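# Turn this into a model:
(chains A, B, C and D)
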Protein chains: 4
Amino acid sequence: MTTEQLDSPVSIVDSGGPGQPDPSPELSELYRGFERELLIPLWTEIGDLMPKHPTPAARPHAWRWQRLLPLAQRAGDLVPVGRGGERRAIALANPGLGGAPYATPTLWAAIQYLGPREVAPEHRHSQNAFRFVVEGEGVWTVVDGDPVAMRRGDFLLTPGWHFHGHHNTSDEPMAWLDGLDIPFVHQTGSAFFEFGPDQVTDTSTPDRSRSERLWAHPGLRPLSQPGPTASSPIAAYRWEHTDAALTDQLALEDEGHPGVVEPGHAAIRFSNPATGGDVMPTIRAEFHRLRAGARTATRREVGSAVWQVFQGEGQVRVGDHEWRAERGDLFVVPSWAPLTLGAETELDLFRFSDTPIFERLQQDRVHVEGQNA
Amino acid sequence: MTTEQLDSPVSIVDSGGPGQPDPSPELSELYRGFERELLIPLWTEIGDLMPKHPTPAARPHAWRWQRLLPLAQRAGDLVPVGRGGERRAIALANPGLGGAPYATPTLWAAIQYLGPREVAPEHRHSQNAFRFVVEGEGVWTVVDGDPVAMRRGDFLLTPGWHFHGHHNTSDEPMAWLDGLDIPFVHQTGSAFFEFGPDQVTDTSTPDRSRSERLWAHPGLRPLSQPGPTASSPIAAYRWEHTDAALTDQLALEDEGHPGVVEPGHAAIRFSNPATGGDVMPTIRAEFHRLRAGARTATRREVGSAVWQVFQGEGQVRVGDHEWRAERGDLFVVPSWAPLTLGAETELDLFRFSDTPIFERLQQDRVHVEGQNA
Amino acid sequence: MTTEQLDSPVSIVDSGGPGQPDPSPELSELYRGFERELLIPLWTEIGDLMPKHPTPAARPHAWRWQRLLPLAQRAGDLVPVGRGGERRAIALANPGLGGAPYATPTLWAAIQYLGPREVAPEHRHSQNAFRFVVEGEGVWTVVDGDPVAMRRGDFLLTPGWHFHGHHNTSDEPMAWLDGLDIPFVHQTGSAFFEFGPDQVTDTSTPDRSRSERLWAHPGLRPLSQPGPTASSPIAAYRWEHTDAALTDQLALEDEGHPGVVEPGHAAIRFSNPATGGDVMPTIRAEFHRLRAGARTATRREVGSAVWQVFQGEGQVRVGDHEWRAERGDLFVVPSWAPLTLGAETELDLFRFSDTPIFERLQQDRVHVEGQNA
Amino acid sequence: MTTEQLDSPVSIVDSGGPGQPDPSPELSELYRGFERELLIPLWTEIGDLMPKHPTPAARPHAWRWQRLLPLAQRAGDLVPVGRGGERRAIALANPGLGGAPYATPTLWAAIQYLGPREVAPEHRHSQNAFRFVVEGEGVWTVVDGDPVAMRRGDFLLTPGWHFHGHHNTSDEPMAWLDGLDIPFVHQTGSAFFEFGPDQVTDTSTPDRSRSERLWAHPGLRPLSQPGPTASSPIAAYRWEHTDAALTDQLALEDEGHPGVVEPGHAAIRFSNPATGGDVMPTIRAEFHRLRAGARTATRREVGSAVWQVFQGEGQVRVGDHEWRAERGDLFVVPSWAPLTLGAETELDLFRFSDTPIFERLQQDRVHVEGQNA
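Residues are numbered from 1 along each chain as shown, chains lettered A, B, ... in the order given. All right, here's what the predicted structure looks like:
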């Protein structure tokens, strides 16, 4: 390492591979000149920067619910929840991402834990957030003043710049999955944050949120709420609806009618009823059900996803990684990694991904094995 | 009438009003020259063609269900339903529209009547159509092969170019409201029509249509049905959902939360879950509920509407017309006519209008008395 | 004619054709009952209302510039232009439209004539309007205070609700084509109108309008004018640009590259640079150039169009009508009527149509002979 | 560093600040447990991940054309251009981005150099690219077979997945600015790449590209090219148009009419004529002209930008960095950094940014000092 390199945050590594100029003292001197001026040539970097297809740093990886939950419980004992730390949330850190608390380069996934009678204070941020509940109940999340009950199977939204806090009204702790676009927002420099009250602004505990009473009637819009909205106005997508929709699709398949994605594979996308689009501008959320014995086609997609098993057991294959997964287990599918799912029992899975980013920027691609591009 | 006029389909009427040229033999000769060449000056027509605000030919008018229904029943005795006539539908003819079978210049509204065990044969057309059921049950409408039960309070779609037929599986006759954009399509020359089978293609009588099983889950889209669709994929919007949504809005009002359009006035719009927009490109459909004693603000809107009382009783004021209306009664609100509704009992009303035409062509305007423009 | 019929604006004509019920006194009594209640059955009307394909009332027809112009000049002698009559505009009255001053059911087309030093006062209206100049110069149209020169070949916009007046600064009269959506707006009841000053608000006579200086640079948007706009912000599309674009397309064809619509047929659409869409929400405008000897494929399209020959001579075939057309001649193509053009000399034509209405309402269809649907 | 940490790519740093749990052996043990399971708590990271406003890693920095150009020339002597290295492009490496060849976290900016008669071989990639020419001429870039001349002041597009190569037809070298979304595409894992021919597919040297002959006529669309396109179909935005548009805006200001962004500051955005939107889905490009003595309002914007001085001299202030800049100089404005420009002479600047990403994902924000939010 030369003196010049020490002076510069930039260091050019001559890979010496095909397409590279022959080494020479003159070339070396040129590279040192580049470094002094904060310049890096394309020709030494192009293989990494412009690969033939996506070569994401993120790796396929699985986290076991049975190992996460005890750690979250232990954090419940040791780590208070309150202003400053804001949330007792423990994030999946993808082993390929250099120690960052990122499930994928764009997505954050964490287990959040709230003890009996605890309160997570209100705040808001430009990051889009949701919760998915794999087990438990007793917590209400209060979104812009609207208390939203959290129960097993529910999918709950706190879109960007909505105030929100959580409070546990029960004598049992509760843990759930948080999903956000924190890495994307951090990377692109678009994060805003504001504190709200230390306590939630409405401590009532209704069965349904006001947002659902206004918006969660199929195909019906309240006339008092005109206009499309950036994110879905439905704060909670309830398990009974998700379950009913999937049950209907499989019944239609039994009757010989269209409805499932592929044989034995029912799936819904959580959507914004005011636009038909994704629930939030950067995050897609879906729920999949496979019949026992069903196996999905192998699929690649630009963009990354995180899956959580809701119930049942099955085999997951991502690239050349393979796991058996069961209730609560989480796994990551990096961009363009081929995914195949096989169900041992009836298998229910929640999925979220960054696909809206690519669709809105017209960089989306999908490849399903056995289908034409 | 001069010889020249007989030769031409065009005849210029000199109104002689302000802004008109002084009569003279030369002017008269000029006008005859215009007529020969199929020309008409703007200056004799501008007052009618370009008024300060809409002056629709259609008039406010009400039709009484108690007088329509016996005529429809009598037609059931005398007029067979079948290929050629296609439907036993009897249209409201607005008294201002020169004897055309049009409720408004753009909208068709008819009572359709199907006797016990009768079948209305399948066909499809570019006109968008819906049914609204004010009473009865026992008929299934089959839309592109999907049997859709019709029951009191249900709102049912047959968007343009979908095959559809109806069959009455019961021993009772059934009557309902048909709404279409026939006048608009006729006027603009965009009508296409195709016959289908004489019998409906699926005689099963399921409680829910396949379209509902796929799409009528709140905020959930089937993954197997990608992309936005010109019209809503939900073939039937069921009364229980409409009723629940309105009940929720009034309860929110009772609790002091937003939700109603104005005090005592709940309303929903039937929407396309794949876009959040109107159910069909030319027709908006809504359901309104007024508490007993409530009165709406007076509202004008570009575009025409037809209303039907579903239940309850109230006063309707349209311009300087006023009626008392009750179950099944229909009335027309021409473009820009001021409408005020007052409820004597709890009052439920179905409404459909041509508003999407004006919104899509950016010619929509609304004026609510007491609000700024 | 019976007494009942006299009492009602509605009269049912029993066509007695296929699909009609057998005549009987009871049927006749039923029909009289319908009439009393302002009802008309579908079954007597369906053949007319719901034809297999569009059967527009408008007819193909041609108007000769050499016969229009002298009448316009004579109107210049006899009819003053000023407040009340507003414009010395003489409209094409389609022979199939019952004597209305309508070129088609949706479109107005008129020759407007302004004598030396005359002024047409300012007003605004919800109707969308344009001018196309087949010959002459010397008039400025002032649109929301921006003076816009009018010269041969120019296409000029006054979108809905923009104030506009015209003044002739020269010692020569000038005549041009006006196109508006008056019939559509009248039929649908969406007309608003407001008087402005009697004189134009800016009497300067710049070569280019301010709108062009801001917006008529290819692919460049002024940063000070954000957001899409309902209508094009370009007040004048100049002949030199239109001519250059068509010349380029034919040269590309000569060089063996894509660009023309079909062999020997160049065409451009006037567009809104802020959206890429049509210049106004209801009106499409295009310019077509055929090489001498070229012949277009026969084309049908939902919606109606008006064409004007700008220069050259050719044969026009619309359905079973055929004309030879030359400079200034106008002709109408009703909805779904097959159109074929053949050029004797190089042939330049301006065209406007109501196609945006059908595209926005998703009722557009096109059929080109020899191509698959 | 403990053994556990060595086993894991994850390491939790207890910041010990406000909102952090008190240190204890139990806490430390918990953190080691997290690390073993690839977990990281939010509470130790939230200050960095969720700041009150964007705190981008990228730093304001300026690169001097007079120091870049000699290095590029020297690279011309030492580094061949050809298959493998693909391009003799030398990228600006932001000093805050850890030695990556990124101007900002989303944008790549490089000086590309092509010697006399050299050819850069054809390839295509999902990354969106453009060129901006600050001096010189003689190179044609061939985009999907269409040769596009490059001249001083021109802005040229090679949108994602278009084949392109460059060839220098002159005896002089040429250097220009390349801009791409390489960092964004790399970070999000959406890169695809494909080699094309080693030589350009069309060696002709027309003055205008075919794309311009089809599309660069103001407000005119070729009828043969229907539909919106993801990126602009104009391959070259010529200097004469840019210059004319800016000149017009300043002249309008002189005459007292709207047009400039603020006093003495004219600006255009390069746009897609088929949509009115940005030229490419991820990149916005603009050109700004300040009168001598003019000074812009201080502006912050979510998203990062790179500017290049085209001609003139002025002062640039970005946050607490300030430079004098002249012809060819480049500088970076990180997300939310306040920017103020002051012109000593008339000052022309090219700018590109990642703003479309934030607008499409509804995360855009702008703050201009002295204006309300």
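# Show the contacting residues for the residue nearest to A:Pro147 when sequence neighbours are not counted.
Once flanking residues are discounted, A:Pro147 sits nearest to A:Trp140: 4.5 Å by Cβ to Cβ, 6 or more residues apart in numbering or on different chains. Yep, even glycine has a C-beta here, placed from its N, CA and C like the rest. When contacts are counted by Cβ atoms under 8 Å, 6 or more residues apart in numbering or on different chains, A:Trp140 touches A:Pro147, A:Val148, A:Ala149, A:Met150, A:His166, A:His167, A:Thr169, A:Val200, A:Thr205.
# Which of those residues fall within strands?
A:Pro147, A:Val148, A:Ala149, A:Met150, A:His166, A:His167 (DSSP state E).
# What is the neighbour count of the residue lying closest to A:Gly370 once chain neighbours are set aside?
Leaving out its chain neighbours, the residue that sits closest to A:Gly370 by Cβ to Cβ, 6+ apart is A:Ala297, at 6.1 Å. A:Ala297: 16 surrounding residues under other Cβ atoms under 10 Å in any protein chain shown.
# Can I get the helix ranked longest in chain A in CSV? Just the C-alpha atoms.
In chain A, taking DSSP state H as the definition, the longest helix is helix A:239-254. Output of helix A:239-254 as CSV, limited to C-alpha atoms (Å, rounded to 0.1, in the frame of the first residue of the first chain):
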residue,chain,number,x,y,z
TRP,A,239,-56.8,-13.7,9.2
GLU,A,240,-60.4,-14.8,8.7
HIS,A,241,-60.5,-13.1,5.4
THR,A,242,-57.1,-14.4,4.2
ASP,A,243,-58.0,-17.9,5.2
ALA,A,244,-61.4,-17.7,3.5
ALA,A,245,-59.9,-16.4,0.3
LEU,A,246,-57.3,-19.2,0.2
THR,A,247,-59.9,-21.8,1.0
ASP,A,248,-62.1,-20.5,-1.8
GLN,A,249,-59.3,-20.8,-4.3
LEU,A,250,-58.5,-24.4,-3.4
ALA,A,251,-62.3,-25.2,-3.6
LEU,A,252,-62.5,-23.6,-7.1
GLU,A,253,-59.5,-25.8,-8.1
ASP,A,254,-61.4,-28.9,-6.8
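# Just confirm yes or no for that helix near chain B.
Yes - judged by Cβ under 8 Å from any Cβ of the partner chain, helix A:239-254 comes into contact with chain B at A:His241, A:Thr242, A:Ala244, A:Ala245, A:Asp248, A:Gln249, A:Ala251, A:Leu252.
# Now for the closest residue to the second one other than its chain neighbours: which residues touch it?
For A:Thr242, ignoring the flanking residues on the chain, the nearest one in space by Cβ to Cβ, 6+ apart is A:Phe287 at 5.2 Å. Remark: with contacts taken as Cβ under 8 Å, 6+ apart, A:Phe287 is in contact with A:Phe155, A:Thr242, A:Leu246, A:Ala267, A:Ile268, A:Phe270, A:Phe310, A:Asp348, A:Leu349, A:Phe350, A:Arg351.
# In strands only, show me those.
Assigned to strands by DSSP E, the following of those qualify: A:Phe155, A:Ala267, A:Ile268, A:Phe270, A:Phe310, A:Asp348, A:Leu349, A:Phe350, A:Arg351.
# near chain B, which residues of the stretch 251-373 of chain A?
Close to chain B, as judged by Cβ under 8 Å from any Cβ, the stretch 251-373 of chain A has residues A:251-252, A:257-261, A:267-276, A:279, A:286.
# Just the pLDDT for A:Thr2.
According to the prediction, A:Thr2 has pLDDT 36.
# before we move on, what about A:Phe34?
For A:Phe34, the model assigns a pLDDT of 97.
# Pull the distance from whichever strand or helix holds it to the chain's centre.
Using DSSP states H and E, A:Phe34 maps to helix A:25-36. Here helix A:25-36 is found 43 Å from its chain centre; the criterion is Cα atoms, centre = their mean, to the nearest Å.
# Is there proximity between the helix or strand that it is followed by and chain D?
The first helix or strand that comes after helix A:25-36 along the chain, using DSSP H and E, is strand A:39-41. Yes - residues of strand A:39-41 contacting chain D under Cβ under 8 Å from any Cβ: A:Leu39, A:Ile40, A:Pro41.
# Run through the neighbouring helices and strands of strand A:39-41.
helix A:25-36, helix D:65-78, strand D:89-92 (3 or more Cβ pairs under 8 Å, 6 or more residues apart in numbering or on different chains; DSSP states H and E).
# Give me the contact list for that strand.
Against strand A:39-41 from outside (Cβ under 8 Å, 6+ apart): A:10, A:12, A:31, A:34, D:63, D:68, D:71, D:75, D:79, D:88-93, D:99-101.
# For it, the averaged confidence score.
97.
# List the pairing partners of that strand within its sheet, with orientation.
Partners of strand A:39-41 in the sheet, by DSSP bridges, are strand D:89-92 (antiparallel).
# And the strand it pairs with, how far out from the chain middle?
12 Å.
# Can you pull the domain assignment for chain A?
A:3-49, A:61-221, A:237-368 (automatic domain parsing).
# now these in JSON lines, with distance to D:Gln127?
Converted to JSON lines, the domains of chain A look like this (distance: least, Cβ to Cβ, whole Å):
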{"stretch": "domain A:3-49", "distance to D:Gln127": "9"}
{"stretch": "domain A:61-221", "distance to D:Gln127": "16"}
{"stretch": "domain A:237-368", "distance to D:Gln127": "9"}
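# ok, of those, where does mean pLDDT dip lowest?
Lowest mean pLDDT of the domains of chain A: domain A:3-49, a mean of 86.
# How far off centre is that domain?
On Cα atoms, centre = their mean, the centre of domain A:3-49 falls 37 Å from the chain's centre.
# Show the contacting residues for A:Cys14.
Careful, residue A:14 is Asp; it's not Cys. A:Asp14 sits in contact with A:Gln20, A:Pro23, A:Leu27, A:Tyr31, A:Thr44, where contact means Cβ under 8 Å, 6+ apart.
# Can you give me the distance of it to chain D?
Look at A:Asp14 and chain D: by Cβ to the nearest Cβ, to the nearest Å, they are 11 Å apart.
# if I've got this straight, that residue is in a strand?
No - counting by DSSP: H, G, I helix; E, B strand; the rest coil, A:Asp14 falls outside a strand, being coil.
# what's the neighbour count on the residue lying closest to A:His166 once chain neighbours are set aside?
In space, and not counting its chain neighbours, A:His166 is closest to A:Ala120: 4.3 Å by Cβ to Cβ, 6+ apart. Residue crowding around A:Ala120 was assessed by other Cβ under 10 Å; the count is 25.
# so what's the closest residue to chain D within the stretch 151-300 of chain A up against?
Scanning the stretch 151-300 of chain A for proximity to chain D using Cβ to the nearest Cβ identifies A:Gly189 as nearest, at 3.2 Å. For A:Gly189, the contact set (Cβ under 8 Å, 6+ apart) comprises D:Pro54, D:Thr55, D:Pro56, D:Ala57, D:Ala58, D:Pro105, D:Val302, D:Gly303, D:Ser304, D:Pro334, D:Ser335, D:Trp336.
# and those as CSV, adding neighbour count, secondary structure and distance to chain C?
Formatted as CSV, the contacts of A:Gly189 follow (neighbours: other Cβ atoms under 10 Å in any protein chain shown; DSSP: H, G, I helix; E, B strand; the rest coil; distance: Cβ to the nearest Cβ, whole Å):
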residue, neighbour count, secondary structure, distance to chain C
D:Pro54, 23, coil, 22
D:Thr55, 14, coil, 28
D:Pro56, 25, coil, 24
D:Ala57, 17, coil, 29
D:Ala58, 23, coil, 24
D:Pro105, 24, coil, 24
D:Val302, 25, coil, 16
D:Gly303, 29, coil, 16
D:Ser304, 28, coil, 18
D:Pro334, 25, coil, 21
D:Ser335, 27, coil, 20
D:Trp336, 23, coil, 20
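# Pipe the residues you listed into CSV and attach distance to C:Pro116 per row.
Rendered in CSV, the data for the contacts of A:Gly189 read as follows (distance: Cβ to Cβ, whole Å):
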residue, distance to C:Pro116
D:Pro54, 64
D:Thr55, 69
D:Pro56, 65
D:Ala57, 70
D:Ala58, 65
D:Pro105, 65
D:Val302, 58
D:Gly303, 57
D:Ser304, 60
D:Pro334, 63
D:Ser335, 61
D:Trp336, 61
